[in-house]
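**Student:** make a model of this:
(chains A and B)
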2 protein chains.
Amino acid sequence: MSKKYVYLFTESDASMRNLLGGKGANLGEMLKLGLPVPEGFTVSTEACTRFYEDGKQISKEIQAEILKALSVLEKRSGKKFGDINNPLLLSVRSGARASMPGMMDTILNLGLNDKTAEGLAKLTNNPRFAYDSYRRFIMMFGEVVMGVDMAHFDEIFDARKEEKGVADDAGLNADDMIYISNAFLKKYKEVKGEPFPQDPVEQLLAAVAAVFRSWDNPRAHTYRRLNNIPYDWGTAVNVQIMVFGNMGDDSGSGVAFSRNPATGENEFFGEYLFNAQGEDVVAGIRTPHQIAELEKDNKEVYDEFKDIAHKLEKHYKDMQDLEFTIERGKLYILQTRAGKRTAQAAIKIAVDLVKESLLTEKEALLSLDPRQLDHLLHPTFNAKVLAKETPIGSGLAASPGAAYGRIALSAEEAQKLVDKTGEPVILVRIETSPEDIEGMHVAAGILTARGGMTSHAAVVARGMGKCCVAGADGVVINEEAGTVLINGKKFKTGDYLSLNGTTGNIYAGKIETEEPTVSGEFAVVMGWADKYRALEVRTNADNPHDAAVAKGFGAAGIGLCRTEHMFFESDRIKSVREMIVAKTVEDREKALAKLLPIQRQDFVEIYKVMDGLPVTIRFLDPPLHEFLPHTEAEIRDLAKDLKMPYEELNETVEALREINPMLGHRGVRLSLTYPEIAVMQTRAVIEAAIEVTKKGIKVKPEIMIPLVGEVRELTYVKDYVVKTADKLIKDAGVKLDYSVGTMIEIPRATLLADEIAREAEFFSFGTNDLTQMTFGFSRDDAAKFLGDYYNKQIFTLDPFAHIDQKGVGKLMEVAVRLGKEARPDIHLGICGEHGGDPMSVEFCHKIGLDYVSCSPFRVPIARLAAAQANIKNPRK
Amino acid sequence: MSKKYVYLFTESDASMRNLLGGKGANLGEMLKLGLPVPEGFTVSTEACTRFYEDGKQISKEIQAEILKALSVLEKRSGKKFGDINNPLLLSVRSGARASMPGMMDTILNLGLNDKTAEGLAKLTNNPRFAYDSYRRFIMMFGEVVMGVDMAHFDEIFDARKEEKGVADDAGLNADDMIYISNAFLKKYKEVKGEPFPQDPVEQLLAAVAAVFRSWDNPRAHTYRRLNNIPYDWGTAVNVQIMVFGNMGDDSGSGVAFSRNPATGENEFFGEYLFNAQGEDVVAGIRTPHQIAELEKDNKEVYDEFKDIAHKLEKHYKDMQDLEFTIERGKLYILQTRAGKRTAQAAIKIAVDLVKESLLTEKEALLSLDPRQLDHLLHPTFNAKVLAKETPIGSGLAASPGAAYGRIALSAEEAQKLVDKTGEPVILVRIETSPEDIEGMHVAAGILTARGGMTSHAAVVARGMGKCCVAGADGVVINEEAGTVLINGKKFKTGDYLSLNGTTGNIYAGKIETEEPTVSGEFAVVMGWADKYRALEVRTNADNPHDAAVAKGFGAAGIGLCRTEHMFFESDRIKSVREMIVAKTVEDREKALAKLLPIQRQDFVEIYKVMDGLPVTIRFLDPPLHEFLPHTEAEIRDLAKDLKMPYEELNETVEALREINPMLGHRGVRLSLTYPEIAVMQTRAVIEAAIEVTKKGIKVKPEIMIPLVGEVRELTYVKDYVVKTADKLIKDAGVKLDYSVGTMIEIPRATLLADEIAREAEFFSFGTNDLTQMTFGFSRDDAAKFLGDYYNKQIFTLDPFAHIDQKGVGKLMEVAVRLGKEARPDIHLGICGEHGGDPMSVEFCHKIGLDYVSCSPFRVPIARLAAAQANIKNPRK
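**Tutor:** Numbering: from 1, shown residues only, chains lettered A, B, ... in the order given. So this is what the prediction gives:
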């Protein structure tokens, strides 16, 4: 028997999501539940795979299945595809396994041609409706399927509106629509060199193929990469009988949520437009009405809809995002799916659903996306400062949080400004479109002049957790001039602007933001996470402030305290430089003696903040060269400072320059050459610990030696550390435990982890360097070519963001196995940037690490990810 | 029962080499054979290990064992240690498992003090002998055990010789020796602040400890590293009853070989000095007599000695190196060991021993050191040119081969000159000492003014395979002035000199050298090697000349043809640069089109030379930046050349600059960005192959893609290669096979070798890069700190010279296993520099590679190493 590629909605249900995509599976499920859903069929995701295997062709076999399903629709609807008197019209929409908003393309009103449009006008006695539908179809099909630039159509449409002196499409009548349809057809022929296709079957197959092709477009690649969606999933295509929201003022289309997607409040929430098709709401073409207004207009439909929304929420045990159309007073549901929501809303909904006994705590934890918590951890404006500021404008509070940044008027400009200034950027656009995704990604906040709460900008910003103010109608953008007018006040590219996505307010200039805290429902969720996780979560913090922030976010200790960051501070860099240019051990020790009290004080303060929690201190890691100045002027200044001849200092700087500094004289290699540095650092760590111990504060320093690739490196340095530490402790007469461990970040170290474990009491995987060396990629240089790697599908995930489980992960597994063989109680963790990435946290859980360590703001994310990992794969 | 640390010679035999060192084990063996060997005992290598474990102390337990063995010697000899009337005197000498000439220290005449010296004078009625022995002892003990600078003693000795107007020690009488002994004692006390130790037991224990300590000196470290001797072997100490070659003219000491160590001729060969102790010959203090002269002086002793030498040779089945002393006409053998020999001699001896049925072919192969073949592959002077040259002087032909180079008068100067000029250097010294080892290592040839065929310079040079002319008495060196007089002709540091180590001739200026060939007995041995090896041996060659040389050395194909070397040549670099600065694909293709015919012609010529043997061509590997100029002046020139503004070109140069170029945009990553480069290179490879195929020459190009870390990289590029190649072959209508494979040089590639093998028909391990990335070492930068790594015993072997089997090797094994799983007939090889290193070749054999590829001059070495590997571990 040959494979089945096409399923009627009446054959499908929610369990078939992988095969039919989310949209198709849910349409079937809703039909089963007896809800008012127009019938249709789904061309499966396997057909998409087959499409690419067949060289981007729909095989005869699948074509036949489509036509067969079409004939069933004809029979059931009593209409005929292409029939002049009673034409069957279809929508063709993508529907992947995971929702990909704005990425895929939709075609409505398919089946219209010169004759059926005329027939539809007669049949409905509504030529405005018929030709409004036809012009929409020509435009969508022309752009999406045939690649005609939308600007051609917009120009015609705008010219007509101007000619008639109307503000929007609602002001155009039947004649206008007929005029516009004809003008569109003429323009189409002019651009494509052939007439607009009149054969409905040809239209249908071309539209299905276009949906499949859109799976492969660059925007889809970008979205998938940012959201970790595998390329090989493919998309399904849903072909559905059209219902029409543009049949007059008793018709309309809209989008609604079963709860408020911004706050999570249990309130029916949404927007709709009269006499419009669904795309109008999403595209933000007219500013829509609140769903609550529908209650006034048509209480019966409103109640029915609200009832359906609640039913679906209970059924799916999750907040639902619904698309609906009202055709001449009758309600149709066109889609339901788990609604995208802000992190605040997600947390509130999860806690509420547990309270409502719809979810267990474990289910509630699994319902959350740990990456989204990031949004809760974004800054807010300082309330006192804010009180003194007056907004210069406002828009919809489309995505919460506060941000300031320099104005950029395009995605490219945003990218350039960030690259150039290293400062945050506010992307200001009339409205956003999928082409802006990369720019939105780098922006700290987004401001649009048009569009509602469900506009592209709002949906995507919420998905990304960016602060967004949408539809701010006082905003006038002149991209060419590089200026923005906000209620008459003029700004240029690069000027500062501040946005409050929680209130919708816009401010001139830069308002400093403040760190968030974990409280209320967020704290409840974090409590559950701690209850169910096995991994310990530590933080990477180099100073008391970061340590305190991380502790507030629930860090169980410091997993990485980088000592070199302390060296860069202005009050100590001079001594560091003296140490580097020292020609003898004595001179070097003299310079180190100046650094000792400073570094010791740093540790005292960190120990005090952490108050008994473990603190892992990594010894000096970067090449010494990094601490020296590089321009002639700077070197001359320093030479004067150090009272040495410029030539001599310059020679030292030159001698330290390396061809591949990443693989040069750094980490433990420095201690091999200059053991006196390790001795000074040991003194600082231990003397500080003795000092706080004497004050009754518990402390257990963990000394971590970086870049070990051979056990004898560790043995050599450890000998200095232990001798120095033991003597200090003995002399002080206190009881103080410390341990000595190592980073595992050199591929060779993973292979010889058993030997290394005999010397190291703990391992901390430095997955940043391990990734660089395992791939042979310099992170500093790879940006130049990684773009090609993503575009050409060589990589689908960024190995610096997510642990490369097939390669780097394999080495980690080897190291874990060997390490435990040699030292069964070895403490294992990770302190690379991956420590805060949920996918990587899950991997670390699986391979048996004891802890992850990440930046302070990612601690709650890691706690949740760790809980999810242990719920999915419980540790024995 | 406690461990035994001390063995009498009568308790030991040759099988105990690991425990007792070579010298000790052989002394026992010779006693067993009934040869005249003075009795003694050996303090074992385990005692050395124990010595270091005990913090460089000889434990009481071992001291007791030594004293017990001493009492047995006293009983057997009838003498007493420290007895005034009949003192037992001892030699104390090191003896490691592997011979380490000049590295370890020796003390003779131990047991002498003011009283026993006087007693010895009386007993022998030979005060000159007694005080000659005493002054030697004070000097050796003072320097070696107590660290007194030898210059103090030399000064006294030389002053006395001058005072007496004599040329050497032979001219000094008993009174002189007494005077010198007293002066030495006085100087000793002055330097050390305490009198010379008079207690013989104290002397003995101090001497044993000094030998143990000398195992740890920097010269020993260097020697071991250069010769791959593990640190943990330790050395034994041999304590032996003294016999005296300095008892008058019926006494003497010398060194002899059972065959000629320079040529391998089956002739008894050696040197000796009358009235001298053994050290005098080795140190080159007086120029010694040929052993043949002994036949005239004392035929009985000569015949006995020759007889013993032959007996030992048969017994050990190898040419022997013997130390002997004649005491008042009686012969004693003090040492036998396998004699160091030149490569020519080694080959001749191996072939002769097979002819003499002493060895099988396999044993003969195993008797050779593959590294030594290197010497046979060194250049000789062009015979025609040489015929026109007149030597300006001559010395002993101490180590064969020809060399030219710039004069350096010290080891440091040699190193500096090589670093500075990159040109060969001739090290010119009065005589060499262990301190000169590093300098000898970098020199192309060595010239000494003093010393014989067994002097330090000669022995070490032969060991290293350096050309050496020794004892050239027309040579007068003024190190301070930086000048050398050779028979009156003056040279300065940096001037050219040419040496013929095969004839002993010295020439002024630079005589060009010529490549050697494999013929005669060398060819016989190579024939055996080919018979017994399993590994195929290919070569790394980038041009027809190198390919021809390698083929002459028996290469079975080219394993690595680097295409970038072709790009650097002056006639093509401009087109390469045009390609790099191209802003569009079209411009790049235009530049590539200019390179195509040039590169195609290169391949045509290489194919012709290899005539049917496989040729593996690696596609462009280095970062493009390497092809561009870097100084402002060069960039300005190039900009003019390319007719583009300087600023624009400079921007391109800057944009291509990388922070870690080793891990940057290179290898397959270039092809990902610019597939047109791969297309051009494919055209060149395949069009050239078609051209020679049409001429009836067989060719099978193997296209190798470098730096693959992810199979999709290979898939992407291979697709271009295969499409281009197949079309060309089809269009040409010829039958032509080619294959596509990859380098395995990124750690990740080893871990995912199964996936990669599904696309790659062969793997070639690029162990240079693999070592860099596995260790996280940049080869360019590591030199700065690797010195510390060797000194501090972190590394004992250079991972860039010998495959790091524990780390890098483990990754290779993984890749071999996975590669064969996915593609059982995959062809596996190595083309890193390790491919010519015997230890690494053995490892490659063990892990199941099919071939090794190395530089042309290492091909015979690899062939022999491959045979040895297969003899030791035969492949099924």
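**Student:** and stretch A:18-25, how far out from the chain's middle?
**Tutor:** Stretch A:18-25 sits 23 Å away from the centroid of its parent chain (CA atoms, centre = their mean, to the nearest Å).
**Student:** now do that stretch: everything it contacts.
**Tutor:** With CB atoms under 8 Å, 6 or more residues apart in numbering or on different chains as the contact definition, stretch A:18-25 has outside contacts at A:7, A:9, A:12-17, A:28, A:42, A:44-46, A:93-99, A:233, A:235-236, A:238, A:335, A:337. For every residue, glycine as well, the C-beta is placed using N, CA and C.
**Student:** again, 6 Å this time
**Tutor:** A:12, A:14, A:16-17, A:42, A:44, A:95-97, A:99, A:236, A:238, A:335, A:337 (CB atoms under 6 Å, 6 or more residues apart in numbering or on different chains).
**Student:** next one: stretch A:619-635
**Tutor:** Outside stretch A:619-635, the residues within contact range by CB under 6 Å, 6+ apart are A:563-564, A:576, A:580, A:638, A:649-650, A:653, A:656, A:661, A:664-667, A:670, A:677-678, A:681, A:705-706.
**Student:** before we move on, what about stretch A:70-77?
**Tutor:** Counting by CB under 6 Å, 6+ apart, A:39, A:80, A:88, A:241 sit against stretch A:70-77.
**Student:** tell me the pLDDT of the residue lying closest to the third one once chain neighbours are set aside.
**Tutor:** Yep, that's A:Leu88 we're talking about. Sequence neighbours aside, A:Lys79 is the residue nearest to A:Leu88 in space, at 3.9 Å (criterion: CB to CB, 6 or more residues apart in numbering or on different chains). A:Lys79 is assigned a predicted lDDT (pLDDT) of 94.
**Student:** quick check, A:Lys79 in contact with A:Asn86.
**Tutor:** Yes - applying CB atoms under 6 Å as the test, A:Lys79 and A:Asn86 come out as touching, 5.0 Å apart.
**Student:** neighbour count: those two, which is higher?
**Tutor:** Remark: of A:Lys79 and A:Asn86, A:Lys79 carries more neighbours, 18 against 13, as counted by other CB atoms under 10 Å in any protein chain shown.
**Student:** what about the residue of the stretch 501-650 of chain A found nearest chain B, neighbour count?
**Tutor:** Residue nearest to chain B within the stretch 501-650 of chain A (CB to the nearest CB): A:Pro623, separated by 8.8 Å. Number of residues near A:Pro623 (other CB under 10 Å) recorded here: 20.
**Student:** what do you get for the one 10 residues further on?
**Tutor:** Counted with other CB under 10 Å, the neighbours of A:Ala633 add up to 8.
**Student:** one step back: in strands, which of the contacts of stretch A:18-25 appear?
**Tutor:** A:42, A:95-96, A:236, A:238, A:335, A:337 (DSSP state E).
**Student:** circling back: may I have the phi/psi pair for the residue nearest to A:Leu88?
**Tutor:** Recorded main-chain torsions at A:Lys79 are phi -110, psi 160, according to degrees, to the nearest 10.
**Student:** gap between it and chain B?
**Tutor:** Separation of A:Lys79 from chain B (CB to the nearest CB, to the nearest Å): 47 Å.
**Student:** over to A:Ser840?
**Tutor:** Distance of A:Ser840 to chain B, given as CB to the nearest CB: 17 Å.
**Student:** next SSE downstream of the helix or strand hosting that residue?
**Tutor:** Element membership of A:Ser840 [criterion: DSSP states H and E] is helix A:838-846. The helix or strand immediately downstream of helix A:838-846 is strand A:851-854, counting by DSSP H and E.
**Student:** got the buried residues for the helix or strand following that next one?
**Tutor:** As assigned by DSSP H and E, the chain's next helix or strand after strand A:851-854 is helix A:859-872. Of the residues in helix A:859-872, A:859-871 count as buried by neighbour count, 16 or more other CB atoms under 10 Å in any protein chain shown.
**Student:** next, the angle helix A:838-846 makes with helix A:859-872.
**Tutor:** Here helix A:859-872 runs at an angle of 50 degrees relative to helix A:838-846 (axes from the mean of the first three to the mean of the last three CA atoms, to 10 degrees).
**Student:** now for helix A:859-872, which elements pack on it?
**Tutor:** helix A:361-367, helix A:370-373, helix A:520-532, strand A:536-540, helix A:838-846 (3 or more CB pairs under 6 Å, 6 or more residues apart in numbering or on different chains; DSSP states H and E).
**Student:** for the stretch 501-650 of chain A, just list every one of the helices.
**Tutor:** A:520-532, A:544-552, A:563-568, A:573-581, A:585-610, A:632-642, A:646-656 (DSSP state H, counting those that start in this stretch).
**Student:** now do the same for the closest residue to A:Leu226 other than its chain neighbours: its pLDDT.
**Tutor:** Nearest residue to A:Leu226, sequence neighbours excluded (CB to CB, 6+ apart): A:His441, at 6.7 Å. The model reports A:His441 with a pLDDT of 85.
**Student:** A:Arg50: how many residues sit nearby?
**Tutor:** 20.
**Student:** what about stretch A:472-488, average pLDDT?
**Tutor:** 90.
**Student:** give the buried residues for it.
**Tutor:** Quick answer for stretch A:472-488 (16+ other CB under 10 Å): A:472, A:475, A:477, A:482-484, A:486.
**Student:** what do you get for stretch A:194-206?
**Tutor:** Quick answer for stretch A:194-206 (16+ other CB under 10 Å): A:196-197, A:200, A:203-206.
**Student:** what is the helix or strand where A:Ala414 lies packed up against?
**Tutor:** Using DSSP H and E, A:Ala414 sits within helix A:411-421. If contacts are counted by 3+ CB pairs under 6 Å, 6+ apart, helix A:411-421 sits against strand A:402-408, strand A:425-429, helix A:437-442.
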